[in-house]
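A.B. asks: This is a predicted model, with the sequence first.
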Amino acid sequence: MTLADDAIAWYETNARDLPWRQPTTSAWGVLVSEVMLQQTPVVRVEPAWRSWMTRWPTPADLAADPPAEAIRMWGRLGYPRRAMRLHACAVAMVERHDGEVPSDLDQLLALPGVGTYTGRAVATFAYGQRHPVVDTNVRRVVSRAVEGKPDAGAATTAADLVAVEELLPPDEATAAKASIAFMELGAIVCTARAPRCLSCPFETACAWHATGENLPEGPSRKPQRYAGTDRQVRGLLLEVLRHASGPVPRQRLDVVWSDEVQRARALAGLVDDGLVEPLGADDFVLAGDNQRPQPQDL
DNA sequence: AAAGCGTGGAT
DNA sequence: TATCCAAGCTT
């Protein structure tokens, strides 16, 4: 039995029942789930994903609406640039791929917001192809089970892809199952904080378990501050703009943060990123909102 | 290649 | 309370 075999067997009876794993889910549905899951936990993604798919069942549906609507629907999932990119991705798929999610990995990787992980995840989970799908869960599982180290490095490397590829069975469909199984194992058993080694199908094979599960010395990532950062200010500004139906006067944005310099910098950053657009001298809207007729236009 | 980018729940 | 962490991507 290989690790892949053990993982697949374990997955058959232990996998969570997530909507984007239903066989009827479209490749678009898989892509949306993958983007939403970038740095956002499953429990928060699930309801958002359902709403999103109900409103925009296909890429063409999303592409037909302005980015502002995507940013609103994104709600508080975090990193709203992902909503922008998902919208841009839908537009690109309409333009370049006849409104379909491409199955070719290189075409996937060329889409906005689709990187090393997401591209392979879509090719694998939506189209059943054989690719190493390497996210934080898989890196942790492989780091522990194969290398005996408590945690993986900070970011995915080419070597990680090779290491995971070598664990995949040759058959395409089986490899795809192994990929989702490795991820699920990392998500619910081989967790960062309190791994459930006694419930792990790798228990006897795991190099890390064999050496006594020595814990990592420090955090695997650099701790990221939030309070007081531009990110917090951007979040506050965007929260106001999300709930506005028309142009927002600058004064309404001024009240969210007292430091004028930082506030201006954060707003400029949102404009730079294409999330927000200035409208006239002192009004702001979410990207594309100026294309909707405003009350004063009627 | 390291830093920037949201948000909220768990410990 | 503060820190860690959650299916990363872009520049």
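C.D. replies: Right, received. Where do you want to start?
A.B. asks: So A:Thr191 versus A:Leu18, what's the distance?
C.D. replies: Distance, A:Thr191 to A:Leu18, using Cβ to Cβ, to the nearest Å: 17 Å. Where you see a C-beta, it was placed from the backbone N, CA and C, and this is true even at glycine.
A.B. asks: How about A:Val122?
C.D. replies: 15 Å.
A.B. asks: Comparing the two, which shows the higher neighbour count?
C.D. replies: Counting neighbours by other Cβ atoms under 10 Å for A:Val122 and for A:Leu18 shows that A:Val122 has the greater number, 28 against 15.
A.B. asks: Please name the residues that touch the nearest residue to the more buried one once chain neighbours are set aside.
C.D. replies: Using Cβ to Cβ, 6 or more residues apart in numbering and skipping residues adjacent in sequence, the residue nearest A:Val122 is A:Leu31, 5.2 Å away. Contact analysis of A:Leu31 by Cβ atoms under 8 Å, 6 or more residues apart in numbering lists A:89, A:101, A:114, A:118, A:122, A:126.
A.B. asks: Could you report the pLDDT at A:Leu31?
C.D. replies: If you check A:Leu31, the pLDDT there is 98.
A.B. asks: List phi and psi for A:Arg139.
C.D. replies: phi -60, psi -40 (degrees, to the nearest 10).
A.B. asks: element containing the residue nearest to A:Val122, please.
C.D. replies: Element membership for A:Leu31, per DSSP states H and E: helix A:27-36.
A.B. asks: where does the closest residue to DNA strand C within the stretch 1-150 of chain A land on pLDDT?
C.D. replies: Closest contact between the stretch 1-150 of chain A and DNA strand C, by Cβ to the nearest atom of the strand, is at A:Gly115 (2.5 Å). Per-residue pLDDT puts A:Gly115 at 98.
A.B. asks: what's the answer for A:Leu215, then?
C.D. replies: 70.
A.B. asks: what separates the residue of the stretch 1-150 of chain A closest to DNA strand C from A:Leu238, distance-wise?
C.D. replies: To A:Leu238, A:Gly115 is 23 Å away according to Cβ to Cβ.
A.B. asks: A:Ala187: helix or strand, and which one exactly?
C.D. replies: Using DSSP H and E, A:Ala187 sits in helix A:172-188.
A.B. asks: returning to what we had before: looking at A:Gly115 and A:Leu238, which one has more neighbours?
C.D. replies: The neighbour comparison of A:Gly115 against A:Leu238 (other Cβ under 10 Å) goes to A:Leu238, with 23 against 13.
A.B. asks: Report the contact partners of that one.
C.D. replies: The contact partners of A:Leu238, taken as Cβ under 8 Å, 6+ apart, are A:71, A:80, A:270, A:275-276.
A.B. asks: same question, A:Ala205
C.D. replies: A:Ala205 sits next to A:3, A:6, A:145 when contact means Cβ under 8 Å, 6+ apart.
A.B. asks: Tell me which of those fall in helices.
C.D. replies: Among those, the residues falling in helices (DSSP state H) are A:3, A:6, A:145.
A.B. asks: Tabulate these (a markdown table), appending pLDDT, distance to DNA strand C and neighbour count.
C.D. replies: A markdown table is the format used below for the ones in helices among the contacts of A:Ala205 (pLDDT from 0 to 100; distance: Cβ to the nearest atom of the strand, whole Å; neighbours: other Cβ atoms under 10 Å):
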| residue | pLDDT | distance to DNA strand C | neighbour count |
| --- | --- | --- | --- |
| A:Leu3 | 96 | 18 | 21 |
| A:Asp6 | 98 | 19 | 20 |
| A:Ala145 | 97 | 15 | 26 |
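A.B. asks: Which one of the residues you listed is nearest to DNA strand B?
C.D. replies: Checking the ones in helices among the contacts of A:Ala205 one by one against DNA strand B (Cβ to the nearest atom of the strand), the nearest turns out to be A:Ala145, at 22.5 Å.
A.B. asks: related to what we said a few turns ago, list of residues touching the helix holding A:Ala187?
C.D. replies: Contacts with helix A:172-188, where a contact means Cβ under 8 Å, 6+ apart, come from A:4, A:7-8, A:10-11, A:14-16, A:21, A:42, A:124-125, A:128-133, A:135-138, A:140-142, A:164, A:167-169, A:196, A:200-202.
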